[in-house]
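Student: sequence first, then the predicted structure, then my questions.
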Amino acid sequence: MRTEPIRLAVFFSGGGSTLQNLLDHIASGSLNARVEWTLSSRVDAVGIEKSRRAGIPCLVLPRKEFTSHEEFSQAINLHLERHPVDLIVLAGFMCLYRFPPDYNGRVLNIHPALIPSFCGKGMYGHHVHEAVIESGVKLTGATVHFADNEYDRGPIILQEALPVLDEDTPETLAERVQALERELYPKAIRLFAEGRLRVEGRRVRILPEEGS
Ligand code: GAR
């Protein structure tokens with residue numbers, strides 16, 4: 001059983017509310033983790049300030065200054081080599097990232113819908129909730145999955161659904177989905193840290209708690 005906090009790197013592009021939620025869980029003791037460093041793909045991301053306020057070094061690598069996903073990923077991977085972590089947590093990171101092979105199975109992403117619906121390139125943040133309402137589906141939700149070098153793909157770890165209400169706007173829906181995300185992401189990280197996730201093809205089996 002692991003007692004040392006799991007070492008995380010958290011990548012974001014915007015508001016940083018996902019980062020803040022993880023920091024809150026860590027502070028309250030409900031997540032045994034330490035955020036070693038963060039990465040922002042934009043110079044104007046609000047998350048940068050949240051990271052600095054928490055005393056966590058933030059690497060700012062503006063995606064638009066790189067000509068390709070490969071070049072951008074290489075720059076990240078150079079930093080990762082010098083500052084290794086146990087787990088990379090994508091937290092509203094709106095860029096394609098090609099992680100090194102030894103991080104396979106050690107990169108998580110959260111998506112504000114039920115993958116494989118409403119995901120992929122261009123499907124992020126409020127675009128997702130607008131598309132969900134527009135489509136008329138009656139259920140949406142949140143998904144935590146292992147990342148696999150493509151947008152919003154990779155074996156699904158946890159997924160929870162909630163109803164789309166007749167009176168929902170993208171904003172009200174986002175609020176309820178984000179409330180779900182605030183519980184789902186720490187839970188998935190906890191399961192990873194406890195070694196309870198076994199990937200079998202595209203399926204992730206959740207192993208029982210030790211001693212149960
Ligand atoms: C979250 O709702 C997350 O699920 C979503 O962006 C938001 C990030 O909020 N991620 C995606 O859409 C990934 N395809 P934040 O920037 O305030 O943490």
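Tutor: Yes, it's here.
Student: in this structure, mark out all the helices, start to finish.
Tutor: Counting by DSSP state H, the chain has these helices, from start to end: 17-28, 47-53, 69-82, 125-135, 170-193.
Student: would you mark the buried spots in the first one?
Tutor: Which is helix 17-28. Going by neighbour count (16 or more other CB atoms under 10 Å), the buried part of helix 17-28 is 17-23, 25-26. (C-beta placed from N, C-alpha, C; glycine too.)
Student: again, but for the second one
Tutor: Of the residues in helix 47-53, those buried by neighbour count under the rule 16+ other CB under 10 Å are 47-48, 50-51.
Student: for the third one, same thing?
Tutor: Taking 16+ other CB under 10 Å as the basis for neighbour counts, the residues of helix 69-82 that come out buried are 72-73, 75-76, 80.
Student: which of the buried residues of helix 17-28 are close to the ligand?
Tutor: The subset of the buried residues of helix 17-28 within reach of the ligand, by CB under 6 Å from any ligand atom, is 17-18.
Student: using JSON lines, lay out the buried residues of helix 17-28 together with pLDDT.
Tutor: Listed next are these as JSON lines, based on pLDDT from 0 to 100:
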{"residue": "17", "pLDDT": "96"}
{"residue": "18", "pLDDT": "97"}
{"residue": "19", "pLDDT": "97"}
{"residue": "20", "pLDDT": "97"}
{"residue": "21", "pLDDT": "97"}
{"residue": "22", "pLDDT": "98"}
{"residue": "23", "pLDDT": "98"}
{"residue": "25", "pLDDT": "98"}
{"residue": "26", "pLDDT": "97"}
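Student: and the furthest pair within the buried residues of helix 17-28?
Tutor: Spatial extent of the buried residues of helix 17-28 (CB to CB) is set by the pair 17 and 26 at 14.9 Å.
Student: run through the residues of the protein sitting next to the ligand.
Tutor: For the chain, the residues in contact with the ligand (CB under 6 Å from any ligand atom) are 12, 14-18, 91-92, 110-112, 124-125, 128, 152, 178, 181.
Student: picking that back up, need the buried residues of helix 69-82 in CSV (columns: pLDDT).
Tutor: As requested, the buried residues of helix 69-82 are exported to CSV (pLDDT from 0 to 100):
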residue, pLDDT
72, 98
73, 97
75, 98
76, 98
80, 98
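Student: of the residues you listed, which is the nearest to residue 39?
Tutor: When the buried residues of helix 69-82 are compared against residue 39 (criterion: CB to CB), the nearest one is residue 76, at 6.4 Å.
Student: buried ones among the residues of the chain next to the ligand?
Tutor: With neighbours counted by 16+ other CB under 10 Å, the residues of the chain next to the ligand contain buried members at 12, 14, 16-18, 91-92, 110-112, 124, 128, 152, 181.
Student: among these, which lie within strands?
Tutor: Mapping those onto strands (DSSP state E) picks out 12, 110-111.
Student: and residue 43, how many neighbours?
Tutor: Residue 43 is flanked by 11 other residues according to other CB atoms under 10 Å.
Student: what's the closest non-adjacent residue to it?
Tutor: Distance criterion CB to CB, 6 or more residues apart in numbering; nearest residue to residue 43, sequence neighbours excluded, is residue 62 at 5.3 Å.
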